[in-house]
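A structural model of the following input is requested.
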Amino acid sequence: MIKNKHISSIASGIGLGSAGVLMMSVLTGCEAPQQEQQNRFLVIEQQTNGKYIVVEEMPTEGPSRAIIREKDANGNTTERFMNEAEMKALAEQEYQKVQNGTSETVQDGGGSAGMGLAGTILAVAAGSLLGNMIGNSLMNNKNFAKNSATSNRSAYSRSAASRASKSSSKKSFFGSSSRRSSSRSYGS
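Now for the predicted structure:
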């Protein structure tokens, strides 16, 4: 009888331990997506048509920030610094336009030759500036995803897109998706 009590207390302890481990893994899993979006350092350049594109992008440990290159009245290139608060304010304004359906980021063909400054910032850094839920919901919009890709001409963006396409392609056991095997018989 005493043995049964001891065994049942051990079993309940194991059950509680397992439940704790399960709960920790669930909680950790819920927090993981927030870590996916990293702050960005951007160089955004104004084009001759007045629209903007991202020419350099890199993840940063510090706050998001940008250098904006624009042409002045004499055609000279000037650079100005934009901090995270300014970027976030522009991204929020553009996101309100997305909600109203008036943002060029969600229009068909909107980003082919660049977009306005706010649209470009939202397209490239929505998740890090406004949160993952907003960033993910925007990327689920076909036009937004296409416009985002065309407004970002940085090497970092091309590299990230290349890594994503390589990881999603299916490969055979030997690492090639297009090789055909041939069988040879070696005679007797």
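
in the protein, which helix or strand is least confident?
Lowest by mean pLDDT, DSSP states H and E among the helices and strands of the chain is helix 2-36, with a mean of 47.

what's the distance between Gly114 and Pro59?
In this view, Gly114 and Pro59 are 23 Å apart by Cβ to Cβ, to the nearest Å. Quick note: C-beta positions are derived from backbone N, CA and C, even for glycine.

Give me the more crowded residue out of those two.
Shown here are Gly114 and Pro59; by other Cβ atoms under 10 Å, Gly114 has more neighbours (25 against 13).

Is that one in contact with Val54, as I believe?
No - Gly114 lies out of contact with Val54 (Cβ atoms under 8 Å); the separation is 9.4 Å.

per-residue confidence for the closest residue to Glu61 other than its chain neighbours?
Of all residues not flanking Glu61 in the chain, Asn39 sits nearest, at 7.4 Å (Cβ to Cβ, 6 or more residues apart in numbering). With respect to pLDDT, Asn39 scores 90.

Run a quick neighbour tally on Asn39.
15.

who's in contact with it?
59-64, 84, 128 (Cβ atoms under 8 Å, 6 or more residues apart in numbering).

Just those residues: which are in helices?
84, 128 (DSSP state H).

Go through the contacts of Asn39 and name the one nearest Thr120.
Ser64 (13.3 Å; Cβ to Cβ).

which residue ranges form the helices in the chain?
2-36, 84-100, 117-130, 132-139, 142-151, 155-168.

What angle do helix 84-100 and the third one make with each other?
It stands for helix 117-130. 110 degrees (axes from the mean of the first three to the mean of the last three Cα atoms, to 10 degrees).

Give me the packing partners of helix 117-130, helices and strands only.
Under the contact definition 3 or more Cβ pairs under 8 Å, 6 or more residues apart in numbering; DSSP states H and E, helix 117-130 sits against strand 40-46, strand 52-59, helix 84-100, helix 132-139, helix 142-151.

Report the mean per-residue pLDDT for it.
Across helix 117-130, pLDDT averages out at 92.

what angle separates it from strand 40-46?
Between helix 117-130 and strand 40-46, the angle comes out at 180 degrees (the same axes, to 10 degrees).

Need the pLDDT of Lys146.
Taking Lys146 on its own, its pLDDT is 85.

my bad, Asn49
The pLDDT attached to Asn49 in the predicted structure is 88.
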